[in-house]
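J.: this is the structure alone, sequence omitted:
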């Protein structure tokens, strides 16, 4: 399989996984609206760094993860707790009337990068998702596990993730004057999304039991 095709596979499946409204893309839009595109991009880079690591791990351990659903079940349970806590945080933040404090530009950019790293690390779903995709591609001989192919697929996944986040940043910039993009509504929206993910994860765990 040509490396360019493998790269496009990684880009496509990562894009499909990130483009539905979720914690990472909505947070990217929120940061961009409040602090500008640069900090939104810095946050997105932090997200993409972790996505690259997650995709690499999923590629390396694809067969193991698919043969050991108990490991994926543990990851889901951890994710459930984390998303419940994140939902509570954003609901409380939306109810808060405190105004955001101004911070130093350099520190803010640095903190946004690490915020992207942290929030992406909390989102463990790309690991089983990519493990499933990689196993499927391997079953059709569309992907091999040599270093060049893995590197191309991971690079594609990073690119697809960044493109999806970039689309959210641009889209919300276009509607920034609407009521929906008010900080309170954005916080409620993120809280609702993470709550729905928590419910979906709980149902998935119960059905798998």
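T.: Yep, that arrived. Everything numeric in this text was worked out from a predicted model, so none of it was measured. Numbers count the residues shown, from 1 in each chain.

J.: could you point out the helix or strand that follows the helix or strand of the chain with the lowest mean pLDDT?
T.: Here the helix or strand of the chain ranked lowest by mean pLDDT, DSSP states H and E is helix 62-67, holding a mean of 70. Heading C-terminal from helix 62-67, the first helix or strand you meet, by DSSP states H and E, is helix 69-95.

J.: show me what that following helix is packed against.
T.: helix 62-67, helix 105-122, helix 126-139, helix 183-208 (3 or more C-beta pairs under 8 Å, 6 or more residues apart in numbering; DSSP states H and E). In this view, the C-beta of every residue, glycine as well, is placed from N, C-alpha and C.

J.: what residues sit buried inside the third one?
T.: The neighbour-count criterion (16 or more other C-beta atoms under 10 Å) identifies 126, 127, 128, 129, 130, 131, 132, 133, 134, 135, 137 as the buried residues of helix 126-139.

J.: give me the nearest residue to the last one, chain neighbours excluded.
T.: On the basis of C-beta to C-beta, 6 or more residues apart in numbering, the spatially nearest residue to residue 137 that is not a chain neighbour turns out to be residue 143, at 3.8 Å.

J.: follow-up on the earlier one: any idea which of the buried residues of helix 126-139 is closest to residue 9?
T.: Checking those against residue 9 by C-beta to C-beta gives residue 137 as the nearest, at 6.3 Å.

J.: so what pLDDT did the closest one get?
T.: Here, the pLDDT recorded for residue 137 equals 85.

J.: so which strand or helix has the residue nearest to the spatial centre of the chain?
T.: Centre of the chain computed as the mean C-alpha position; nearest residue by C-alpha atoms, centre = their mean is residue 24, 4.7 Å away. Applying DSSP H and E as the criterion places residue 24 in helix 23-35.

J.: next structured bit after that helix?
T.: By DSSP H and E, the next helix or strand past helix 23-35 is helix 37-60.

J.: how distant is that following helix from the center of its chain?
T.: How far helix 37-60 lies from its chain's middle: 8 Å, per C-alpha atoms, centre = their mean, to the nearest Å.

J.: any buried residues in it, and which?
T.: Those would be 39-59, for helix 37-60 by 16+ other C-beta under 10 Å.

J.: next up, the contacts around the residue nearest to residue 137.
T.: For residue 143, the contact set (C-beta atoms under 8 Å, 6 or more residues apart in numbering) comprises 1, 6, 9, 134, 137, 149, 153.

J.: and it, helix, strand or coil?
T.: coil (DSSP: H, G, I helix; E, B strand; the rest coil).

J.: kindly provide the distance from it to residue 70.
T.: As judged by C-beta to C-beta, to the nearest Å, residue 143 and residue 70 stand 25 Å apart.

J.: now swap in residue 11 and tell me
T.: From residue 11 to residue 70 the distance is 31 Å (C-beta to C-beta).

J.: same question for residue 202.
T.: From residue 202 over to residue 70 the distance is 17 Å, taken as C-beta to C-beta.

J.: also residue 121?
T.: From residue 121 over to residue 70 (counting by C-beta to C-beta), the distance is 22 Å.

J.: name the residue in those two with the higher neighbour count.
T.: Each of residue 121 and residue 70 has its neighbours counted (other C-beta atoms under 10 Å); residue 121 has more, 16 against 8.

J.: with adjacent residues omitted, what lies nearest to the more buried one?
T.: residue 50 (5.2 Å).
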